[in-house]
Structures are given as structure tokens and as C-alpha cells.
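*Asks:* Based on what follows, work out the 3D shape:
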Amino acid sequence: MAQEDTATAARKPAPDEPVVAFDFDGTLTVRDSFSAFLRWRAGPLRWWLGCLRLAPAGVAYAFNRDRGRIKAAAVREFLKGATRERLDADARTFAEQYSRGLLRPDAVEVWTRWRNEPVQLVIVTASPDFVVAPFARDLGADQLIGTQFVFDAQDRITGAYVSPNCRGPEKVVRMKQAFGDEFRLKAAYGDTAGDREMIAMAETSGYQVFKGKP
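*Replies:* Residues are numbered from 1 along each chain as shown. This is a model prediction of the structure:
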């Protein structure tokens with residue numbers, strides 16, 4: 001996957017169409033997709049050994065509340081050295097196997113209603129873009145904006161960020177990069193404090209509105 005924000009649908013919206021933004025984890029899904037992906041990919045033994053090695057990072061998080069730092073640590077523990085091609089293939093398989101168990105039906109229903117409107121429908125997520133990309137394609141998203149990680153000269157993930165963790169104010173920064181400073185955010189949906197800046201600038205806001213389970 002390219003490291004710029006990823007177009008995920010055949011539809012070509014007009015550049016002046018308003019944007020409707022959905023957070024992914026906890027909003028469109030019932031739980032964190034990145035953790036679920038790591039656990040699935042690692043397998044039970046490797047997962048628990050990795051969690052033990054990440055214990056110091058977990059203790060540090062209890063004090064600094066830096067989600068970006070602990071996410072980078074998890075990437076280094078479970079994914080470092082994996083190629084982009086391998087990760088993309090694994091993410092596709094994960095989505096095929098788990099989309100029905102992860103996606104909230106009431107959130108998908110609202111998403112589908114917006115899909116029939118003249119808007120740019122976008123997922124804005126703190127999860128790594130390569131994990132969410134297959135879900136975004138299946139949903140027919142016009143664009144995916146997610147956390148981006150550095151790949152080295154051999155196209156292997158390093159654990160370093162291309163840009164800051166896509167959470168909180170960074171979600172607004174990334175949307176402005178994608179759509180321009182004066183873009184119109186017609187609606188936004190999220191479920192945590194990491195979505196509040198995005199929701200605050202929307203004409204119609206939905207905070208923790210989806211409760212459905214697969």
C-alpha cells in the first residue's frame with residue numbers, strides 16, 4: 001500500500017462535495033481492529049509472549065497515556081521486518097475472516113445511507129492504514145486516512161511513524177491535508193476523546209451513537 005492517504009473506491013466524488021467522516025475502531029467496529037489483527041496474526045503463544053515483552057511499555061502508558069508510543073512498540077514487537085506485501089496480504093485475509101464479527105450493523109446501515117448521498121465518505125482512524133484498507137474497500141470508502149508507518153529500503157516495516165498517530169487533533173490535520181483547509185465536514189462519527197476535535201467541526205456530529213453488535 002502506498003504511504004499517502006489511500007483511495008479505496010471506484011466512485012470519483014467531486015472535489016467540492018462535503019465530507020462525512022467515520023472513526024473506525026469502536027465506531028464502525030465493536031473492538032480495536034489493530035489489536036485483533038496482531039493477535040490473529042501472531043497466534044496464541046507468540047501473542048502472549050509479545051504481551052509479556054510489552055509489559056514495560058504498558059506500565060509507561062499508565063503514566064504518560066501516549067497511545068502513539070505504545071502502538072509503535074507493538075508494531076516493533078509483532079510486525080517489525082514484515083514486508084508491505086506480506087502485511088497487505090495478511091490484512092486482506094484478516095478482513096475476509098473477521099469483518100462480519102467486527103462491524104457494527106447499525107453503523108454500517110448509517111454508512112450505507114450516506115453512501116447514497118453526494119458526499120465524500122471517509123474513514124479517519126488511528127489504526128494503521130494497511131490494517132483498515134480492506135475494510136474500507138469493502139465498504140466503498142472514497143478515502144482512508146489512517147496512521148502511517150515507515151517502510152525501509154527493502155519495503156519492511158520499521159515501527160517508526162510517517163506522521164503522528166492519527167488521533168485527536170491529528171485527525172483534523174490529516175483531513176485538511178487531504179481536502180484543503182476550507183473543506184466542509186457535513187457529519188462526523190466517533191466514540192472516544194480521540195475523535196472530539198473531528199466531531200467538533202462537523203455540521204452534524206455523532207458521538208458514541210452506535211451500539212449494535214454483529
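
*Asks:* so where do the strands sit in this structure?
*Replies:* Residue ranges of the strands in the chain, as given by DSSP state E, are 19-22, 120-128, 143-147, 149-151, 157-161, 185-190, 204-207.

*Asks:* quick one, what contacts the residue lying closest to Pro134 once chain neighbours are set aside?
*Replies:* Leaving aside its chain neighbours, Pro134 sits nearest to Ala95 (3.6 Å; criterion: Cβ to Cβ, 6 or more residues apart in numbering). For the C-beta atoms, the positions are set from N, CA and C on the backbone; glycine is no exception. By Cβ atoms under 8 Å, 6 or more residues apart in numbering, the contact list for Ala95 reads 134-135, 138.

*Asks:* quick one: pLDDT of Ala95?
*Replies:* As summarised for this prediction, Ala95 has a pLDDT of 98.

*Asks:* cool, the one 5 residues further on as well?
*Replies:* Looking at Arg100, its pLDDT stands at 93.

*Asks:* Enumerate every residue touching the closest residue to it other than its chain neighbours.
*Replies:* What sits nearest to Arg100 in space, not counting adjacent residues and going by Cβ to Cβ, 6+ apart, is Pro214, at 5.9 Å. Contact analysis of Pro214 by Cβ under 8 Å, 6+ apart lists 30, 100-105.

*Asks:* hang on, isn't Arg67 packed against Cys166?
*Replies:* No - counting by Cβ atoms under 8 Å, Arg67 does not reach Cys166; the two are 10.5 Å apart.

*Asks:* Most neighbours among the contacts of Pro214, please name it.
*Replies:* With neighbours defined as other Cβ atoms under 10 Å, the most crowded of the contacts of Pro214 is Leu103; it has 23 neighbours.

*Asks:* What spatial separation is found between that residue and Ala136?
*Replies:* 12 Å (Cβ to Cβ, to the nearest Å).

*Asks:* before we move on, what about Glu96?
*Replies:* 14 Å.

*Asks:* more crowded one of the two?
*Replies:* Taking other Cβ under 10 Å, Glu96 and Ala136 do not tie; Ala136 has more neighbours (27 against 11).

*Asks:* got the CA coordinates for stretch 188-208 in PDB?
*Replies:* Output of stretch 188-208 as PDB, limited to C-alpha atoms (Å, rounded to 0.1, in the frame of the first residue of the first chain):
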ATOM      1  CA  ALA A 188     -18.600  13.000  11.700                       C
ATOM      2  CA  TYR A 189     -19.000   9.900  13.900                       C
ATOM      3  CA  GLY A 190     -16.700   8.700  16.700                       C
ATOM      4  CA  ASP A 191     -16.600   7.100  20.100                       C
ATOM      5  CA  THR A 192     -13.600   8.400  22.100                       C
ATOM      6  CA  ALA A 193     -11.800  11.600  23.200                       C
ATOM      7  CA  GLY A 194      -9.600  11.000  20.200                       C
ATOM      8  CA  ASP A 195     -12.500  11.900  17.900                       C
ATOM      9  CA  ARG A 196     -13.700  15.100  19.600                       C
ATOM     10  CA  GLU A 197     -11.800  17.600  17.500                       C
ATOM     11  CA  MET A 198     -13.100  16.000  14.300                       C
ATOM     12  CA  ILE A 199     -16.600  15.800  15.700                       C
ATOM     13  CA  ALA A 200     -16.500  19.400  16.900                       C
ATOM     14  CA  MET A 201     -16.000  20.800  13.400                       C
ATOM     15  CA  ALA A 202     -18.900  18.800  11.900                       C
ATOM     16  CA  GLU A 203     -22.300  20.200  11.000                       C
ATOM     17  CA  THR A 204     -23.800  17.000  12.300                       C
ATOM     18  CA  SER A 205     -22.000  15.100  15.000                       C
ATOM     19  CA  GLY A 206     -22.400  11.600  16.300                       C
ATOM     20  CA  TYR A 207     -20.600  10.600  19.500                       C
ATOM     21  CA  GLN A 208     -21.000   7.100  20.800                       C
END
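
*Asks:* Sweet, I'm off.
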